[in-house]
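Trainee: have a look at this fold, sequence not included:
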C-alpha cells in the first residue's frame, strides 16, 4: 500500500494481485515522506533503504532499539525500522497494514484521500483464492490442509488464518458500502497495459513489472469442488458481479 504525497496518489493493495511487484516498480519514485507498507523482504533484497517517513514512524513506537534503528545504527536497522513502521499503523489499518480497507485509508488522511489519484488492481476471485492458498500454505511448515478446508477456515477466520479473514473478500479494499471509490481499477489479467495506464496518469516512467511472489503454474479450477466454488461465490459476489468474473475464465 502506498500513500505518495510527492506524486499525489494512493495505491490500495488487494492481496495476490501483483501488488508487491507494483510497490517495487513505484518505490524509486517515492519521496522522503511517502508511506509504503508491505514488500519488506523485497525492499531489503533490493537494498532499498527505509525513507525518512519510515524512520519517524519507527520512533513513534518508543522502543530503545527502535531509536537506534531510526538513526541507522545496528546491522539489522533497515529490517527493524520497517517492522516498527508496520506496527505503528496497526491501530489505523488493522493487523495486515499493507492491505487496509478504503474506509480506513480515507479516515487516516481525508485531505490526501480527496486530492489523490486512487487506484487498485483486482483479480478473478476464484483464481485469487487459489493463489492465497498456494502462498499461505506454502509458507507454513505445519499446515497442509486441502483447498476446501483452507477456504472454510479462511472464511470463518479460524486459527492462523484469522488475520486474513477480512481480506478473503477484496471489495472493501477499494469500495465503501456498495460504491467503488477509487479512480482506476486495473486487472491482474491485463497487468502490463493497466499498469502503464497508471504510470501515464501519474506521469511516471513505466517499467516492466517483476514477479516478486510468483507461484508455480497451475489450473486453479482443479482445486475446487462444487461446495467450495459456491462458498467463494457467496463471499465475493459483489466483486464477481461488478467485474463480470466467471469461474470458467
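Mentor: Nice, I can see it. What you are looking at is a predicted structure, and each value in this text was computed from that prediction instead of being measured.

Trainee: what is the burial count for the nearest residue to residue 86 once chain neighbours are set aside?
Mentor: Nearest residue to residue 86 in three dimensions, chain neighbours excluded: residue 97, at 5.0 Å (CB to CB, 6 or more residues apart in numbering). C-betas here are computed from N, CA, C, even on glycine. Counted with other CB atoms under 10 Å, residues neighbouring residue 97 total 20.

Trainee: residue 90 is in contact with residue 97, correct?
Mentor: Yes. Contact status for residue 97 versus residue 90: in contact at 5.9 Å, counting by CB atoms under 8 Å.

Trainee: show the average pLDDT along the longest strand seen in the chain.
Mentor: Scanning the chain for the strand with the most residues, using DSSP state E, yields strand 117-122. If you average the pLDDT over strand 117-122, you get 98.

Trainee: list the residues that contact residue 229.
Mentor: Contacts for residue 229 (CB atoms under 8 Å, 6 or more residues apart in numbering) come out as 126, 247.

Trainee: repeat that with 10 Å
Mentor: Listed by CB atoms under 10 Å, 6 or more residues apart in numbering, the contact set of residue 229 reads 126, 129, 148, 151, 221, 223, 247.

Trainee: go on, residue 189?
Mentor: Taking CB under 10 Å, 6+ apart as the contact definition, residue 189 lies against 17, 121-124, 127, 243, 245, 249.

Trainee: please pick the buried ones from those residues.
Mentor: Among the contacts of residue 189, those scoring as buried are 17, 121-124, 127, 245 (criterion: 16 or more other CB atoms under 10 Å).

Trainee: can you give me the helices in the protein?
Mentor: Here the chain has its helices, by DSSP state H, at 19-26, 40-45, 52-59, 64-70, 77-88, 90-93, 102-108, 110-115, 125-139, 147-156, 171-174, 191-202, 226-235, 237-243.

Trainee: closest to residue 12 out of those?
Mentor: Residue 12 lies closest to helix 171-174 among the helices of the chain, at 5.3 Å (CB to CB).
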